[in-house]
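[1] sharing a model that was predicted from the sequence below.
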Amino acid sequence: MHATSSAAANPPVKTTTPPSDGSCPYTAPDQRPSSSDATLSKLNPLNYMPHSISQERASHQTVDLPTERSVSSIPKGSANEEGNWEYPSPQQMYNAMLRKGYTDTPVDAVESMVAVHNFLNEGAWNEIVEWERRFGRGLSSAWQECCRGEDNSNASTTSPPAATQPRLLRFMGRPKDMTPKATMLQLLGWVYPTRFGGPPPFDRHDWFVQRQFPDGSQREVRYVIDYYSGPPEPTGEPVFYLDVRPAVDSPVAAVERMMRWGGDVWWKASGGAVR
């Protein structure tokens, strides 16, 4: 199972019952559901998994589920909380889904579903940290890196100083609200099906991040995340594509998106790769 960042993602595939070898769940494309029914859209731990969710076994449950909660790599942004966000345990997840009416959830699929959801959350956070690494020090500093193109990014070797690490304040799942970019890609797919064709994202999240500037100041930044699925690997592993970017809530956010995209275009057009 792996995830990558993609602007024009591949067709989505629903994750349901896991295969017998315990790897991530996968359902063939001809069993694809509508985006509003995507299983992963039901698994938002910050919204649908409050701490009060029971760890008790459900009355009709036939398989024991773990009650241990994994700690994410995502720092909490609340002023009165320290540490990182915790993911729900499989038992909590199952109880929450039952409470929301998803009574047909296979008990033996819950652990794999939680693993996939946690994996995607970690991938989304890594993308956000990269955005913050570039732009959390100001636009001038960010352009010095963006103008060298994506392939010359220092993402693999440089991370924000501890004092400027971003923190996640909150997020919301919005699977029924397609982002403007995803809508545009769908329209382009209708006009140019061979290049842009493909189903819409199976989920959308809005993440509210506290940006920490080196001078100690802070600013809340909303990120939008489109979740896509692609054709599985030859081994059967599902492939996910995450399109993560700041929402255009301000001129600064629009400039950041243009700088990152335009910097890569400039680098390639100017022969930077050859140089």
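    Everything's here; your move. Numbers count the residues shown, from 1 in each chain.

[2] model confidence over stretch 205-215, on average?
    Stretch 205-215 carries an average pLDDT of 90.

[3] off-centre distance for it?
    Centroid separation for stretch 205-215 versus its chain: 15 Å, with C-alpha atoms, centre = their mean, to the nearest Å.

[4] check what contacts that stretch and list those residues.
    44, 77, 124, 128, 132, 135-138, 160-161, 163-174, 218-225, 227, 247 (C-beta atoms under 8 Å, 6 or more residues apart in numbering). In this view, the C-beta of every residue, glycine as well, is placed from N, C-alpha and C.

[5] what's the single longest helix in the chain?
    helix 110-135 (DSSP state H).

[6] buried sites along it?
    110-118, 120-121, 123-135 (16 or more other C-beta atoms under 10 Å).

[7] any quick PyMOL command for the buried ones out of the contacts of stretch 205-215?
    To isolate the buried ones among these in PyMOL, judged by 16+ other C-beta under 10 Å, type:
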select buried, resi 44+77+124+128+132+135+136+137+160+164+166+167+168+169+171+173+174+221+222+223+224+225+227+247
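
[8] quick check, Leu65 in a strand?
    No - counting by DSSP: H, G, I helix; E, B strand; the rest coil, Leu65 is not part of a strand but coil.

[9] surely it and Gln91 touch.
    Yes - assessed by C-beta atoms under 8 Å, Leu65 is found in contact with Gln91 at 4.2 Å.

[10] which of the two has more neighbours?
    Each of Leu65 and Gln91 has its neighbours counted (other C-beta atoms under 10 Å); Gln91 has more, 25 against 20.

[11] my guess is that one meets Arg69, correct?
    No - look at Gln91 against Arg69 with C-beta under 8 Å: they stay out of range, at 9.7 Å.

[12] quick revisit: hey, what's in contact with both of Leu65 and Gln91?
    Arg57.

[13] next one: Trp143 from Arg137, what distance?
    Look at Trp143 and Arg137: by C-beta to C-beta, to the nearest Å, they are 11 Å apart.

[14] give me the neighbour count for the residue lying closest to Asn118 once chain neighbours are set aside.
    Nearest residue to Asn118, sequence neighbours excluded (C-beta to C-beta, 6 or more residues apart in numbering): Tyr87, at 4.9 Å. By the criterion of other C-beta under 10 Å, Tyr87 has 24 neighbours.
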